[in-house]
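In: A predicted structure for the sequence below; I have some questions about it.
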Amino acid sequence: MNRASDDLFSPALDGLNPAQRLAAGQRGGPVLVIAGAGSGKTRTLVHRVAYLVERGVDPSRILLLTFTRKAAQEMLNRARELNPQCARVEGGTFHSLCYRLLRAHASRLGLNRQFTVIDRGDCEQLIRGVINEQKLKTKGDRQFPKARTINDIISKSRNQELALEDAIEQWAGHLLGYMEEINKAAQGFAAAKRAQGLVDYDDLLFLAEELLRDHDDLRQRFSQHWQHLLVDEYQDTNAVQARLLKLLASEHDNLMVVGDDAQSIYRFRGARVQNIFEFPQDYPGAKVVKLEQNYRSTQAILDLSNEVIAQAWHRYDKKLFTERLGGKRPVLRRPRDDRGQARLVSERIAELITAGNKPEDIAVLFRASRDSYELELELTAGRVPFVKVGGFRFLEASHIKDALSHLRVISNPSDFLSWQRLLMLLPGVGPKKAQTAISHLVDAESPELYLGRLASAPGLAGAAVERLVELMSELSDPSATPLTLVEAVIDYYEPICRETHEDYPRRLRDLEELPGLARGFSTLAEFMAEVVLEPPNSYAAETQGGRITLSTVHSAKGLEWPNVFILWATDGRLPPQMALMDPESLEEERRLMYVACTRAAGELTILAPMESYQRGRGVVNNELSRFLAELPHGLLDNPRENVFEVPLPQAPTPQSRGSQHQDRPFPVGSMVEHNTFGKGRVMGYKGGKKILVHFERHGLKILLLEFANLNKV
DNA sequence: CGTTTACGTAGACTG
DNA sequence: TACGTAAACG
């Protein structure tokens, strides 16, 4: 009878705590799950999937969207253990979903059906080409923005949906003088993509939105097809992703999003933490469930983490708690410099391993990829095996791009970017000859024609070209599998790689990874899309056992280890110098520190070298990261066993601490009214003196409490 | 002579 | 790594 009671006894909800059960056992409609770090978010989603299937929802009509495809696969594997039928649930990333939709309906948008997905490096090269072609840069102009910078600006303007000028103003004010050139570059870039059938990551989202928005039959069809949508990491979605969800959910509103505003760390690439705040308004009647019990860390680590995030502008107030009371207090150590830091960490790692800890239970986290450089040297010297995650991307390595460019022109012959790349591998061919050869290819329509023209293009002759033509005709065999194609390319490219790269042994080893990736794909297009769409970090991580992990904080998102080290917890590194001027960036850095701390289950060691060497400035003193310096005493252990180490800075004065918690006249989340700005919602407090309000008509404002003159609504 | 290639140096985050 | 310049190539 009682509908709630049959849910309560659903086997699919076994083993969940009450809050998790409440979330996983929703029948439908919009649901927002605020899932604190380590609160069993994945577990909840897994059980949610099993619950829906158990209730009779066709598994293939459930769609699970996650940050990486690997995350989706892992969740679905776990769900399958609860109910084998869950194997048929569909899962992936936003980008892979968009790719599928576009692939199936490219013609509706007038898009080349053979379109190729390109990565950031490709975008930059395309922009570089436009700059040269249109002579946007006057010779010797050192101020002229790099292709990378221009691409960043374009991508930011698109992700945040700002006019290009506004994006330049906000992110690169010093380049306002190049407005016209950047504008032309952006237009040329867009034109080049269109002409060559290239689609970048941003395009995937916007084109898919266009497809569903402008073609009502498709919107209806897909929305009806996926009856339940589950979205992980909602705090890191951007505006267009939120609109895509709206379109996909339009027929039923069965949308569950899961996230944690305190862990939003992708603002720099367009993520809108507001999405998670606005969800209840976007979906009136949405249920909000908070998961606050942490199953990962000891109380000592949570105490620190809670304080780190306590002053953040986050609206969904929550305090993590755990049953793992006590635990070792996190340790703060202040070695003299990065070598001292590397030595301390590697020594401690050696101790941990000697004491019986497994290497794979140890992780070292840092803000930027190069922050681990000294430690890598130290670990290599000490023969401690490690795997580094983040920073380097397999697919962006030049030798991988070289090899793949041959396959790209097979699946999309108008991909001139790849033609250029592969032609320039030929001896005696530089940008000029490649360009003229390509202009002879332009109006060829079939791969065969391309081949004919390639062989006869002016300036191209000789044994190397013959080998290339031979390879291309081999690759044109429509019955060949991706695996055999990849092997043919490697056979062809290997001698070139040996010639051009000093460090060819390492590069050849990378190339040997490709056949393994290609295995199992039946079409070249599928394989190429997979390789571009799946963040390549995950490939290496699969095979690693017996190694400690070195990772950027971003790449560590969602993961945990019993023992965690955080490097460079200093002002200038975490937060980085660049973030110090911009309050919103600084907030993101604080969340990053929070994410870093909450990765630790049992033991957390934070390092903050006293000094560092900076180009142009020599040796400089480092302040302890402001996110730690502002904390009350007692949360961190600060041993003085090392001569270079210094005690914690002065504890904050009693009144400043007191004021943080007491002078909060309006509860976070409540509505207030301001004389000029009108109504708004309290998002949080800043430093005890400032309040953060999101006004309905004026957006986010930081106001001084003393003068704001706010009234309760 | 126009191109390609080799080389030295400035500059770097995060996916 | 990428760009600018200079040497080498054809």
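Out: Perfect, thanks for sending it. Numbers count the residues shown, from 1 in each chain, chains lettered A, B, ... in the order given.

In: going forward, measure contacts between C-alpha atoms and count neighbours the same way
Out: Fine.

In: which is the next helix or strand following the lowest-mean-pLDDT helix or strand in chain A?
Out: Ranked by mean pLDDT, DSSP states H and E, the weakest helix or strand in chain A is helix A:654-662, scoring a mean of 38. Once helix A:654-662 ends, the next helix or strand along the chain (criterion: DSSP states H and E) is strand A:671-674.

In: Check which helices and strands that next one sits against.
Out: In terms of contacts (3 or more CA pairs under 8 Å, 6 or more residues apart in numbering; DSSP states H and E), strand A:671-674 is packed against strand A:678-686, strand A:711-712.

In: Mind listing the strands it pairs with, and their directions?
Out: Using DSSP bridges, the strands paired with strand A:671-674 are strand A:678-686 (antiparallel), strand A:711-712 (antiparallel).

In: What average pLDDT does it get?
Out: Strand A:671-674 shows a mean pLDDT of 80.

In: same check, this time on stretch A:195-211
Out: Mean predicted confidence for stretch A:195-211 is 92.

In: residues in contact with that stretch?
Out: A:94-95, A:98-99, A:101-102, A:105, A:108-109, A:111-112, A:114-120, A:123, A:155, A:158-159, A:193, A:218-219, A:240-241, A:243-244, A:247, A:412, A:414-416 (CA atoms under 8 Å, 6 or more residues apart in numbering).

In: Can you point out the buried residues in it?
Out: By 16 or more other CA atoms under 10 Å, the buried positions in stretch A:195-211 come out as A:196-209, A:211.

In: from the residues you listed, which ones fall inside strands?
Out: A:Leu198, A:Val199, A:Asp200 (DSSP state E).

In: For DNA strand B, state which of those is nearest.
Out: DNA strand B has its nearest neighbour among these in A:Asp200, at 10.4 Å by CA to the nearest atom of the strand.

In: Tell me the bridge partners for that closest one.
Out: Beta-bridge partners, per DSSP bridges, of A:Asp200: A:Ile118.

In: Against A:Gln420, how distant is it?
Out: A:Asp200 sits at a distance of 18 Å from A:Gln420 (criterion: CA to CA, to the nearest Å).

In: how about the residues of the stretch 51-200 of chain A near DNA strand C?
Out: A:Arg128, A:Lys139, A:Gly140, A:Asp141, A:Arg142, A:Lys146, A:Ala147 (CA under 7 Å from any atom of the strand).

In: Just give me the neighbour total for the fifth one.
Out: One way to gauge burial is a neighbour count; for A:Arg142, by other CA atoms under 10 Å, it gives 9.

In: Local confidence estimate at it?
Out: For A:Arg142, the predicted pLDDT is 73.

In: Am I right that it is in a helix?
Out: No: counting by DSSP: H, G, I helix; E, B strand; the rest coil, A:Arg142 is not found in a helix; it is coil.

In: For the helix or strand hosting A:Gln73, buried residues please.
Out: Element membership for A:Gln73 (DSSP H and E) is helix A:69-82. Of the residues in helix A:69-82, those buried by neighbour count under the rule 16+ other CA under 10 Å are A:Arg69, A:Lys70, A:Ala71, A:Ala72, A:Gln73, A:Met75, A:Leu76, A:Asn77, A:Arg78, A:Ala79, A:Arg80, A:Leu82.

In: which residues touch that helix?
Out: By CA under 8 Å, 6+ apart, helix A:69-82 touches A:12, A:42, A:45-47, A:49-50, A:64-66, A:86-87, A:89, A:91-93, A:534, A:538.

In: Let me know the next secondary structure element after it.
Out: strand A:90-92.

In: ok, that following strand: who's next to it in the sheet?
Out: Sheet pairing for strand A:90-92, using DSSP bridges, gives strand A:62-65 (parallel).

In: can you give me the mean pLDDT across the strand it pairs with?
Out: For strand A:62-65, the mean per-residue pLDDT is 94.

In: can you check stretch A:254-273 too?
Out: Averaging pLDDT along stretch A:254-273 yields 90.

In: which ones are touching A:Ala87?
Out: By CA under 8 Å, 6+ apart, A:Ala87 lies in contact with A:Pro59, A:Leu76, A:Asn77, A:Ala79, A:Arg80.

In: show me where pLDDT drops low in the stretch 1-150 of chain A?
Out: Scanning the stretch 1-150 of chain A for pLDDT under 70 picks out the ranges A:1-9, A:140.

In: That one: helices as residue ranges?
Out: A:3-8, A:18-24, A:41-54, A:69-82, A:94-105, A:120-133, A:147-159 (DSSP state H, counting those that start in this stretch).

In: The residue in the stretch 401-550 of chain A positioned nearest to DNA strand C: what secondary structure?
Out: Nearest to DNA strand C in the stretch 401-550 of chain A, going by CA to the nearest atom of the strand, is A:Gly428, at a distance of 6.8 Å. Here A:Gly428 is coil, with the state taken from three-state DSSP.

In: That one: neighbour count?
Out: Should you count by other CA under 10 Å, A:Gly428 turns out to have 12 residues around it.

In: mind checking pLDDT for it?
Out: pLDDT, A:Gly428: 81.
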